[in-house]
Each structure stands twice: as C-alpha cells, then as structure tokens.
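Asker: compute the structure for the input listed below.
(3 chains)
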Amino acid sequence: MVDLLPIWTSVFFTLAIYSFLYKENPWYRFAESVYAGVSVGYGVAFDLRYLRDQWGGQWSSSGTMMLLFGIAVLIGLLWYARFSKQYFFLYRWPLAIIVGTGIGMALRTVIFTQFLQQIRAQANMPLFVAGDMMQTINNILIAIMVPCVLLYFWFTGGTRESAGMQIVEKIARYTMMAGFGSAFGYTVLTRMSLLIGRSQYLLGITPNPPEARMAFYTIAAIMLITLIGYDLYKGRS
Amino acid sequence: MSLLERAQNIDRRWVYLLVWLFVLFPLLNPLGLPIPIGRDSTAWKEYIDAIPNDSVIMVSMDYGVSGMPELYPMTVASMKHLWSMTDAKNLKIVVIAFWNQGPLVFDTLLSQVDPEADYGMVYGEDWIELGWIPGGETGMAAFANDIWAQKPNDYLYSRPLDEYPIMENIRVAEDVDLVVSFETGTPGLPEWLRQWNDPYGVPFIVGCIGVSVPGMAPYLSSGQLSALMPGLTASAEYEVLLNRPGLAVAGVDAVSMSHLLVFILVVVGNIAFFATGGSRRS
Amino acid sequence: MSDTLRRIEIPIIITAICTLIQVIPYYIEIEVLDNTAATLQQWVLLIVSMATFIGVISIGMVHGKRVQRQSEGWYFSGILLIVMVVMALTGLPLESMGLGTKNPVYDFLFTNVQTPLGGTMYSILAFFIASAAYRAFRARNIEASIVLIAGIFMVMSNAPIFTSMFEGFKGIGNWIFDVPNASTMRAVTIGAALGAIALAVRTLMGIERGYLRGGGED
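Answerer: Have a look, this model is predicted:
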C-alpha cells in the first residue's frame, strides 16, 4: 500500500491540473498552490549546497579567498534590503554587480557570435551552385529575404512610404509569416510531445510504473463525478 | 444556426476530448506506423559516429522535469550511443548541468540505465558527473576558465576531483572536444556560443524542444552548430537508426495521431469559416 | 552620508565597472585584469546563490497576509506556505541531520509532486493549441494564409503518418525551415545582437535604469 502512495500522488496531481480543462475547480487550485509552494522551496536546497561546496573548495584555500567569500556573503545579504522601504537602495548594489557582470559577459562576444558570424555566413553563401538548381534558387531567396526583413525592422513609420520600401515590406512580411508558420508547426510538436509524455505515465507504459494506470482510471472517475455532479446539482438548485 | 455555424462555435471542451482520444488511443493500441528517417537524425548519428578517438565529450543537461517528455528520450539514446563507443574510441564523458533540475533528470536516467553493467563504463575513469553549475551565462564563463574551481567535487559521491583519473587533464574549456547540450531555453545555445564556442572554439551539437528549433536555424546554417536534434520525431528516427527503439518510438504513433487531429481541425475550421461567409465578414 | 549612499549613481558606476572588468581583458591582454575578471565571475555566483530566500520571503509575505486576513481562498494560501516551508527546510544541506536532497520528504515532494506538476503545467497547452487551431487559425488574408499553409506543412512534416505516405512533406518542411524560417531568424538574430549592444551601452552610460527601479524613490 505504501509503495503505491508515490504513484497515486503523482497521478492525482497530474489529473488535478488537467481538471482545469473542464473548468477552474478546487482540485486545480489545490494542485496549483502546492506547485507554487514546492517550486519556490526546492531551489533553496541547490543554492545552499552550492555555497557549502564552494566554501569547501577554493574559497577556504587562503586568507584572501576566505575574506572574498565573506564579502560575497555580506553583499549577498543586501539582497534582502528590498523588503525594507528605508534601506531599499542597498538592494541595488548586488543587483548592479550581477547586471554589470552579465552585460559584460554577453557584450564581449555577442558581436562575434550573433552578428559577424551571421553576416559572414550570409556573405559566403554562393548565389550560384553548379549542378544544384534548387540550392541556387534557395540561396537567391535567402539573399533577398534576409536584407528585406532587416530593413523592415530598421526602417519604420514614414520611411516605408517609398515604392521600393513597399516592395521590401511585402517580401519581409511574407517571409516572416512563413517563418511563423514553421514556429507554429514546431510548437504543436512540443506541446503534443509533453502531453504524450504525461499520458505515457498515466497509462503506466514502460518504463513508467504499470500501477499508474489503475490510479489514473480511479482518480479520473472520482474527479469527473465530483465536477459533473456538482454542476448538475448547481443546475438543479 | 446552420451545422457549420454551430461547428464553429462548438464548446472547446469537445476539442479537448478529441485531443485526449487521439493521444490515448495509439498509446493503448500501438499502430506501428513506419518512421521515415529524416536528415537531422541522420546527421546527428553520423556526427557522433565520427567523433575522433581520445575525445573529451561534455554532456550538458540543460533542462528540467518539464522538458523531459521531449528531451529525455533523445538523452537516453545519445548517452547509450556514447557509452557504447567509449571503450573502442577511448572517450571521456563528463556530465554537467546549467539547469538545477538537470542532475535530477540524469538521476532518473541512471535508475533506468546502468552504464557499468550495460557498457562496462567505470565511473571516474570513463565518465563522471559533476552536477549543477549556477549562474547561467556567468557560470558558463567561470566554468570555462576553471572547471575544478567551479566543481571541486563530483555530484554522485561528493568526492574531490583529484580522486578521479578522468579529470586529470580536463581543467579548462580548451580541454573539451565536443559539447552535447540538451536544452529547453536559457541558458542555452546562444550563451554556449558566446562563452565556449567563440572564445575557445569548442564545437556544439544540440538537442532541443520543438519550440526552440526555429531559432537554431541561423546557427545551423552558419556552421556554429554542427548538428541538431529537433524534438521527439527526430528522436524516434534516431532510435530506429541505432536499432534501439525506446521512449520516442513508443510515443511517435501518438505524435502522428495528434498532428493528424490538428490538421483535421484546421481544415474543418477553415471550411466552416469560408462556407459561412466568414471571409466576407472579416 | 546616508543621502550619499542612496544616490542612484553608485549602482550605475558599479555596473559600469563590472562590465568593463569583463570586456577589457577579452580584447587587451592585461594579466591583472584577466585574473580579476576570472575571480569576479566566480565571486558573482556566490552573490547569486545568496538570493535564494528572496522568493520564499516574497511569497511568504503575500500569502501570509491572505491567511491573516482570511481573504477569499485563504486556505489555498495556507497550503502553499506549508508546502514551501517543508520543502525549504527538508532541503537544507545538513546531511548529518538527515536533511538535504536525499531526505525522504524532500525526495518524495520533488519526485511525486513537483515532477508531475511541472510536466503537466506545460503539457496542458497542447489542448489550448488544438483549440486555437480549430477556432482561430483562419486564412483571412494573404499573410494569414501563408502562416496557415506553412504551419500545416510543418505539422505534416513532423508526423510520420504523413511523411510515410509521401516523403515530399519532409522535403517541404525542410525547405520552410531552411529558407523563410532561417532568413527570418537570421535577421532577428542580427537585429537582436545590435539591440543588445545598444542596450548594454545605454546601461553603461546610465541612461537605461529600468533594472534599478523600485523602492518608491524614482
């Protein structure tokens, strides 16, 4: 019996969330509250373990490192100044360190990875590929589409009124629409895959525990009876 | 109100019920539909097959439990593929994570796959797991600079890295020959490229959820990304190529049926729309 | 003194210094700066980890008030607080006291509560996307038609039931991915890179201060 508790708990919470599809109800709100609670609480374990492991590593290797660790902890305590109106300004200091370091990390290489490399790839693309007409057409299309989309984003409002920009705008919009269609197709794949994964668990398909199927049928029946029964009762009264 | 007009205004819960039916039916009664092999899964397999001898491979579990249904099958298949080659090619595999749930997902993998019993892998000599590194992109940069400083102990046994022979010559990013990242968002490929690929020239292959796939296209075509595994269907194709059907193959019939339903819904919805003069109204 | 410490210029200067410490040694070889940058990267991770209780305290304050006032649905807030505290306490890295990620209660809550809830929360969108495909996805004009056609071909390309009937669906899907999608995303990537650089420069110059807002002092 005790062995079944984890499985029945998992199935219960899964179906409690899915009960929202019928309509918002207490099962769903209970599961939502529990999810919010565990989500906020579980990260504490990982962060504190990291701090403990770091102290056991390089940060206790010398006096200077220990001092730096202590300073980091003190600055880290300033995060909690955000809960005070009087000392809120102190919260901005660790935030500034994090934001500054993050901006620096990204800024130093974004120009290469996301700008120069992409421009290089675009420029190196041959417009004519011998023996491959399809690739030639594709490369010509890409050579036209990329600048059109870029110009569409850069030149807005009144700058689009000229005849040339009208053509650029049309090409850009049609290109982006096709791109969004591609995004839709892949979004369907992701969402359905996630549903299939949960369904495999509910049906107890290997490697998931087979006992989950009985839990699924039982709990689903109970939830449906309570939800539909309550609606019928409210309808009558 | 005509049938078509009523069809357009149908209670959405009937659509939800159809989704349930189209997903549950093929899981309960597998259809055994053929799985044509696509270029992405072929490229992924060929890339891994062509990994040179003595390479150091870093496998990054950059996803949490919410991404498991789509990424876990490809993770299992890829790890089995890598472990099966490790002895012959003298590979060294280091498992890390930049998402804090990544190690927990890998724990699930280890509860289902025994690398020692199934592939003769010796922990600490052939492969090792270092666990989660916090900080996102900043963590990636710090890790690239000094791996031992960021993870002084391993994840499974919490022992110092100098007790493990595998880590002797793996100290900085330049010691790594390939990163295999399974990811659902940020930190992900753009961060990896900025902190590992551009400064140190480490090549990447990425398995990602479908939603992230369109954004990978420019990196794939520029060569910054060497191979891409785009979602569950490609994972199923990969399992077929490896002759190791697993979770992805088990679920791909349901992928087919659910996509068929979406196709039918879009077509029927548009037929009803045009038949009731919707285009004139809009 | 207190007024001086409150000045917004202090965090702006801190931001600028931290940014420059990371950027300069990447382009100019200065050993001291190089070592400082490497140490700062690791030091910053300690500060990030120290923020772990912010979520706990914030949620505690919001839902604690609801329980105290017994507002509508206060019992759900009570459940949230109890679960949050149990999770945080049992996860503390005090293995000698039986706490930590291997603690049975923590492990149970993570494996049998958080894992299914997390997976289910995202998977429920599958129903909404099917409903939206039926009710809202219409070929009202040329642009909507392009989205619809590209979307449908992409859906067919990802489903073996279609590609096993006609391999051309995969080819069409690959073309949509390689040509219009790649073109769009390349332009977006380039534009986003320029935008990121502009935002970074504005932040360094102190023009962009959105991240420093709050506290009622603006």
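Asker: I'd guessed C:S131 sits against B:R12; true?
Answerer: Yes. Using C-beta atoms under 8 Å, C:S131 is in contact with B:R12, at 4.6 Å. Using the backbone N, CA and C atoms, a C-beta is placed for each residue, glycine as well.
Asker: what pLDDT does A:S62 get?
Answerer: pLDDT recorded at A:S62 is 87.
Asker: which residue packs closest to the closest residue to chain A within the stretch 1-150 of chain B, ignoring adjacent ones?
Answerer: Using C-beta to the nearest C-beta, the single residue of the stretch 1-150 of chain B nearest to chain A is B:P69, 2.1 Å away. Spatially, and ignoring its direct neighbours in sequence, B:P69 is nearest to A:G197 (2.1 Å; C-beta to C-beta, 6 or more residues apart in numbering or on different chains).
Asker: would you confirm that that neighbour belongs to a helix?
Answerer: Yes. According to DSSP: H, G, I helix; E, B strand; the rest coil, A:G197 belongs to a helix.
Asker: if I look at it, how far off is A:D47?
Answerer: Computed as C-beta to C-beta, to the nearest Å, the A:G197 to A:D47 distance reads 28 Å.
Asker: for the residue of the stretch 1-150 of chain B closest to chain A, pull up the helix or strand it's in.
Answerer: Per DSSP states H and E, B:P69 falls inside helix B:68-89.
Asker: that older thread, surely the residue nearest to B:P69 is in contact with B:G251?
Answerer: Yes. Using C-beta under 8 Å, A:G197 is in contact with B:G251, at 7.1 Å.
Asker: follow-up on the earlier one: more crowded one of A:G197 and A:D47?
Answerer: A:G197 (27 against 20; other C-beta atoms under 10 Å in any protein chain shown).
Asker: pairing partners for whatever helix or strand comes next after the helix holding B:P69, with directions?
Answerer: Sequence-wise, the next helix or strand downstream of helix B:68-89 (DSSP H and E) is strand B:92-97. Strand B:92-97 pairs in its sheet with strand B:56-62 (parallel), strand B:127-132 (parallel), by DSSP bridges.
Asker: tell me the mean pLDDT over the very next helix or strand once past the last one?
Answerer: Spelled out, it's strand B:127-132. Moving toward the C-terminus from strand B:127-132, the next helix or strand (DSSP H and E) is helix B:137-145. For helix B:137-145, mean pLDDT rounds to 92.
Asker: can you see whether the very next helix or strand once past helix B:137-145 contacts chain C, counting any residue in it?
Answerer: Using DSSP H and E, the helix or strand that directly follows helix B:137-145 along the chain is helix B:147-150. Yes. Counting by C-beta under 8 Å from any C-beta of the partner chain, chain C has neighbours in helix B:147-150: B:149-150.
Asker: name the helices or strands packed onto helix B:147-150?
Answerer: helix B:137-145, helix C:31-50 (3 or more C-beta pairs under 8 Å, 6 or more residues apart in numbering or on different chains; DSSP states H and E).
Asker: cutoff 10 Å now
Answerer: helix A:26-56, strand B:92-97, strand B:127-132, helix B:137-145, helix C:31-50 (3 or more C-beta pairs under 10 Å, 6 or more residues apart in numbering or on different chains; DSSP states H and E).
Asker: any chance of the ones you listed in JSON lines, plus distance to B:D118?
Answerer: Converted to JSON lines, the helices and strands packed on helix B:147-150 look like this (distance: least, C-beta to C-beta, whole Å):
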{"stretch": "helix A:26-56", "distance to B:D118": "29"}
{"stretch": "strand B:92-97", "distance to B:D118": "14"}
{"stretch": "strand B:127-132", "distance to B:D118": "13"}
{"stretch": "helix B:137-145", "distance to B:D118": "29"}
{"stretch": "helix C:31-50", "distance to B:D118": "35"}
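Asker: for B:D54, find the nearest of those.
Answerer: B:D54 lies closest, by C-beta to C-beta, to one member of the helices and strands packed on helix B:147-150: strand B:92-97, at 8.1 Å.
Asker: from A:L202, how far off is B:Y63?
Answerer: B:Y63 sits 21 Å away from A:L202, going by C-beta to C-beta.
Asker: could you dump the strands paired with strand B:92-97 to CSV with mean pLDDT and mean neighbour count?
Answerer: Putting the strands paired with strand B:92-97 into CSV (pLDDT from 0 to 100; neighbours: other C-beta atoms under 10 Å in any protein chain shown) gives the following:
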stretch, mean pLDDT, mean neighbour count
strand B:56-62, 97, 23
strand B:127-132, 95, 23
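Asker: didn't B:G210 look like it was pressed against B:H259?
Answerer: No. When contacts are counted by C-beta atoms under 10 Å, B:G210 is not listed as touching B:H259 (11.3 Å).
Asker: do a quick rundown of the helices in chain A.
Answerer: A:4-18, A:26-56, A:63-77, A:88-110, A:117-124, A:133-154, A:163-202, A:211-236 (DSSP state H).
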